[in-house]
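Participant: Show me the folded form of this:
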Amino acid sequence: MQTGRERKNGRASVAAPSPEGDNDAAETPAEMKLSPTEAEVIALFVQLARIIGLPRSYAEIYGMLFISPRPLALDDLIDCLGVSRGSASQGLRYLTSVGAIKVVYTRGQRRIHYVAVAELRNLVMRFLNERVVPHLDSSLERIEHVKQMARNLPADQRGHLESRLTMLHSWQKKSRRFLGVVSKLLG
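Facilitator: This is a model prediction of the structure:
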């Protein structure tokens, strides 16, 4: 079995790595048909997605749409990236819902086509509102719930727990303020 990139039809195709290969190559779909530039841009988005906890396929789809000079349809993405139809559909649905991509009309085509939205402010704010704010809201509710539960504990256990809950409440408030600052910085 060969490792690394092979050239096929003028495009880079990433072959499955050997077991002793590096981790990044191991995670690249075996059927990916990309130019070296496309592969590098997509790898950048995969790296960012890893940091924020999004699935790799979402990053691959966004990266392909970001680097593509033309709108792409679902089947184009499946062909280019080697992802399953289900993964591609789910990724497109999620990316559309958070405003990272949008549907565009392509003259003479019946299939739905997509393009990447490249406005950083919109992407970051939508991500924060979709992924971070709900967790902050639920954490505040949980902290309050645990405070109620703490009232039933013996005094020697309650003191330590209440001090920790006060700390968590403070962290939650600081996180909210931080989101406000990020929002202002992004304009």
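
Participant: The residue nearest the centre of the chain: what's it in contact with?
Facilitator: The C-alpha lying nearest the average C-alpha coordinate of the chain belongs to L54 (C-alpha atoms, centre = their mean; 3.2 Å). With contact taken as C-beta atoms under 8 Å, 6 or more residues apart in numbering, L54 is in contact with no other residue. Where C-beta positions appear, they are placed from N, C-alpha and C, glycine not excepted.

Participant: repeat for the one 3 residues further on
Facilitator: Counting by C-beta under 8 Å, 6+ apart, S57 makes contact with 81, 83, 87-88, 90-91.

Participant: still on that earlier bit, sec struct for the residue nearest to the centre of the chain, please.
Facilitator: Taking DSSP: H, G, I helix; E, B strand; the rest coil as the rule, one finds L54 in the coil state.

Participant: As TSV, the contacts of S57 with pLDDT and neighbour count would be great.
Facilitator: Shown next, in TSV, are those (pLDDT from 0 to 100; neighbours: other C-beta atoms under 10 Å):
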residue	pLDDT	neighbour count
L81	94	25
V83	94	22
S87	95	20
A88	96	21
Q90	96	16
G91	96	25
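
Participant: what's the domain layout of this structure?
Facilitator: By the record's domain assignment, the chain is partitioned as 5-116, 120-185 (automatic domain parsing).

Participant: First-to-last residue distance for the shortest one?
Facilitator: Using C-alpha to C-alpha, to the nearest Å, the span of domain 120-185 from its first residue to its last is 11 Å.

Participant: bridging residues for the nearest residue to L65 once chain neighbours are set aside?
Facilitator: The shortest distance from L65 to any residue other than its chain neighbours is 4.0 Å, reached at A116 (C-beta to C-beta, 6 or more residues apart in numbering). Legend: beta-bridge partners of A116 under DSSP bridges are I101.
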